[in-house]
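1. the amino acid sequence is not available; the structure is as follows:
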């Protein structure tokens with residue numbers, strides 16, 4: 001191997017590290033953009049029935065089918081998480097929740113009509129995510 005080959009390999013390995021680091025940073029920015037939009041989804045008024053907040057005398061207005069869920073206790077909103085994994089050569093980012101009833105609200109159940117909150121957030125954040133992931137490597 002010539003001296004030029006060694007120098008090339010060192011630069012190539014440096015570039016690979018930079019590329020991976022840059023890609024991880026972009027994915028972190030992208031998932032954070034979706035999370036931020038998701039948190040906005042829980043803001044504002046709803047148009048459903050009036051209920052009492054569990055364990056209190058306070059009331060809140062629930063969501064109607066098709067609206068994002070109303071926040072009675074804030075538990076779902078407080079448990080919106082991002083996750084980034086490296087799967088082979090792919091960097092995969094996700095936004096979601098570990099709250100058991102989160103998917104029930106998103107997709108509905110036999111007894112609950114859907115109150116989508118995550119899909120609309122992804123849709124509203126889509127252009128920002130494309131912009132972030134399309135940035136050049138620095």
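-> Perfect, I can see it now. Since the structure is predicted, the reported quantities are computational estimates derived from the model, not experimental observations. Numbers count the residues shown, from 1 in each chain.

2. name the element residue 132 belongs to?
-> helix 118-133 (DSSP states H and E).

3. same for that helix, what does it pack against?
-> Counting contacts by 3 or more Cβ pairs under 8 Å, 6 or more residues apart in numbering; DSSP states H and E, helix 118-133 packs against helix 3-41, strand 90-97, helix 102-107. Heads up, the C-betas are built off the backbone N, CA and C, glycines and all.

4. what is the mean pLDDT for it?
-> Mean pLDDT, helix 118-133: 94.

5. show residues contacting that helix.
-> With Cβ atoms under 8 Å, 6 or more residues apart in numbering as the test, helix 118-133 has contacts from 26-27, 29-30, 33-34, 36-38, 40-41, 68, 95-96, 102, 106.

6. got any ranges where the protein has weak pLDDT?
-> 1-21, 135-138 (pLDDT under 70).

7. measure stretch 49-56 end to end?
-> 17 Å (Cα to Cα, to the nearest Å).

8. so how far is it off the chain centroid?
-> 28 Å (Cα atoms, centre = their mean, to the nearest Å).

9. report the buried residues of it.
-> Across stretch 49-56, burial judged by 16 or more other Cβ atoms under 10 Å covers no residue at all.

10. name the residues that touch it?
-> 58, 59, 60, 61, 62, 72, 73.

11. please name the bridge partners of the residue nearest the centre of the chain.
-> Per Cα atoms, centre = their mean, the C-alpha nearest to the average position across the chain is that of residue 95, at 2.8 Å. For residue 95, the beta-bridge partners under DSSP bridges are residue 82.

12. pull up the gap between it and residue 38, please.
-> 6 Å (Cβ to Cβ, to the nearest Å).

13. now do the shared contacts for these two.
-> Common neighbours of residue 95 and residue 38 (Cβ under 8 Å, 6+ apart) are 80, 118, 121.

14. columns distance to residue 22 and neighbour count on top of those residues, output as a markdown table?
-> Compiled in a markdown table, those are given as follows (distance: Cβ to Cβ, whole Å; neighbours: other Cβ atoms under 10 Å):
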| residue | distance to residue 22 | neighbour count |
| --- | --- | --- |
| 80 | 25 | 22 |
| 118 | 27 | 21 |
| 121 | 25 | 23 |
